[in-house]
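Engineer: let's see this in three dimensions:
(chains A and B)
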Amino acid sequence: MELSDWELVQKCQAGEKDAFQELVSRYHQKIYVVLAGLLRNREDALEVAQEAFFRAYRKIKSFQGGSSFYTWLYRIAVNMAIDSQRRQKRNPLDFRETMDGLFEERNEVARDPFSDVHDRELREKLVSAINDLTPEHRAVIILRTVEGLSYKDIGEILGCSEGTVMSRLHYARKRLQEKLSAFL
Amino acid sequence: MRTCGDIRELLGVWLDGELSPRDAEGVRLHLQSCTQCNGELRQLERLHSSLKSLIESNGSRVAFEPFWRGVQERIAEKRPWHRGAVEWARSTLAGPGLAWAIPAVILVVLSVVSLNSVWKLLGQRNNFAAVESIDAHGRNVALLREDETKTTVIWLYQNQEGEDDSSGENTETSPSF
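Structural biologist: Down below sits the predicted model:
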């Protein structure tokens, strides 16, 4: 019978490293996808994801189960990504190049969901529009769209109210819609 | 009665399933009869699916073994104390909940500095030397106090007049240190 996250956390708190390994195997892919969306760079996403799990391991004794484990883990990872993006502002990556590099790789294995010309244009515009959002707006829209998290969970992760999540989502969608109106 | 503008403001929240049942029902009924708002809804749905595809295609599959090895290496690594302190400060101070803290600290520091300046200005205005004189059994003590440098000069002198009343009009004093 599969143990719950909370049961695994309790085993970690008792010093069982295997339990932590199980938690990492459950969430590493989800955390990585969200971080790749936020940071728009695979290497950075991998680096931050591993560091986030390391910090979670170090702090796990202080986790009391007030929220779910994944909300707590996302909070660590997403805040690290937002912090990292703020620091990168001074020396920004060429995100378009980074994203294009990834898509070319996908083409080789025929996994690009944006295969026709219209969709490729849409993808380019979408990448550009996402780049123009602030890290906080990008975070809410990714957590909602990719992970399907509730406003309450997103608020807990980002340390803001549900109302703030709602208004950030509304603003982010409006901005994306304005920039992509010809393609939607 | 809600207008199309009101409904469009709620469409995203409605799609997310975060509206109250009453508001959600209002949006659903409006959409049954409004083609324009339905067009807006389709736009939002397409935006959602395009964004999801983009993000998910960006995050390729990550093999667990090398990922876990990276985490283990970090756990085993002994980090210098100052790196830990920087990480702690960064994670504590950079959190959105404490976003107000840095401006608040700057404001407090500026207030203290400006108050100190005002205090000094006021202090300069009152910067005078006070002279007090005490006459005791014919021996005089003069105290000279200067606030800025916090200097006190004690000046002892004998009053000739007091010693010898017969000196008449002679009022000169001879200070002795």
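Engineer: show me chain A divided up by domain.
Structural biologist: Using automatic domain parsing, the domains assigned to chain A come out as A:1-93, A:133-184.
Engineer: in which helix or strand would I find the residue most central in space within chain A?
Structural biologist: For chain A, the residue sitting closest to the mean C-alpha position, by C-alpha atoms, centre = their mean, is A:V34 at 2.1 Å. According to DSSP states H and E, A:V34 maps onto helix A:17-39.
Engineer: and what of A:F53?
Structural biologist: According to DSSP H and E, A:F53 maps onto helix A:42-59.
Engineer: over to A:G148?
Structural biologist: Going by DSSP H and E, A:G148 is not part of any helix or strand.
Engineer: how far away is it from A:K179?
Structural biologist: 24 Å (C-beta to C-beta, to the nearest Å). The way it works is simple: take the backbone N, C-alpha and C, and place the C-beta from them, glycine included.
Engineer: between the two, tell me which one has more neighbours.
Structural biologist: A:K179 (16 against 11; other C-beta atoms under 10 Å in any protein chain shown).
Engineer: gap between that one and A:E124?
Structural biologist: 11 Å.
Engineer: helices along chain A, start to end?
Structural biologist: A:5-13, A:17-39, A:42-59, A:69-88, A:95-108, A:117-132, A:135-145, A:151-158, A:162-180 (DSSP state H).
Engineer: looking at chain A, which helix or strand does the model trust least?
Structural biologist: Between all helices and strands in chain A, the lowest mean by mean pLDDT, DSSP states H and E belongs to helix A:95-108, at a mean of 42.
Engineer: domains for chain B, by residue range?
Structural biologist: B:4-58, B:129-175.
Engineer: and those domains, which one averages the lowest pLDDT?
Structural biologist: Least confidently modelled of these is domain B:129-175, at a mean of 61 by mean pLDDT.
Engineer: pLDDT score assigned to A:E178?
Structural biologist: Reported pLDDT for A:E178: 91.
Engineer: that older thread, once you drop chain neighbours, what's closest to the residue nearest to the centre of chain A?
Structural biologist: A:I142 (5.8 Å; C-beta to C-beta, 6 or more residues apart in numbering or on different chains).
Engineer: what number of residues lie near that neighbour?
Structural biologist: Residues near A:I142, counting by other C-beta under 10 Å: 26.
Engineer: contact partners for it?
Structural biologist: A:V34, A:G37, A:L38, B:I55 (C-beta atoms under 8 Å, 6 or more residues apart in numbering or on different chains).
Engineer: just flag the most distant two among those.
Structural biologist: A:L38 and B:I55 (9.1 Å; C-beta to C-beta).
Engineer: these two: who's more crowded?
Structural biologist: Applying other C-beta under 10 Å to A:L38 and B:I55 shows that A:L38 carries more neighbours, namely 25 against 22.
Engineer: for chain B, give me its nearest residue in chain A.
Structural biologist: A:V33 (3.3 Å; C-beta to the nearest C-beta).
Engineer: hang on, that residue packs against B:K52?
Structural biologist: No. Counting by C-beta atoms under 8 Å, B:K52 is not a contact partner of A:V33; they are 10.4 Å apart.
Engineer: so what sits against both of the two?
Structural biologist: Contacts common to A:V33 and B:K52, judged by C-beta under 8 Å, 6+ apart, are A:V146.
Engineer: more neighbours: which of those two?
Structural biologist: A:V33 (23 against 16).
Engineer: and that one, how far is that from B:S57?
Structural biologist: 10 Å.
Engineer: try A:I60
Structural biologist: 32 Å.
Engineer: now A:E2
Structural biologist: 29 Å.
Engineer: more neighbours: which of the two?
Structural biologist: When A:E2 and B:S57 are compared for neighbours, B:S57 comes out ahead with 20 against 7, by other C-beta under 10 Å.
Engineer: flag every buried residue along the helix or strand hosting the more buried one.
Structural biologist: In the assignment (DSSP H and E), B:S57 maps to helix B:35-58. Across helix B:35-58, burial judged by 16 or more other C-beta atoms under 10 Å in any protein chain shown covers B:37, B:40-41, B:43-44, B:47-48, B:50-55, B:57-58.
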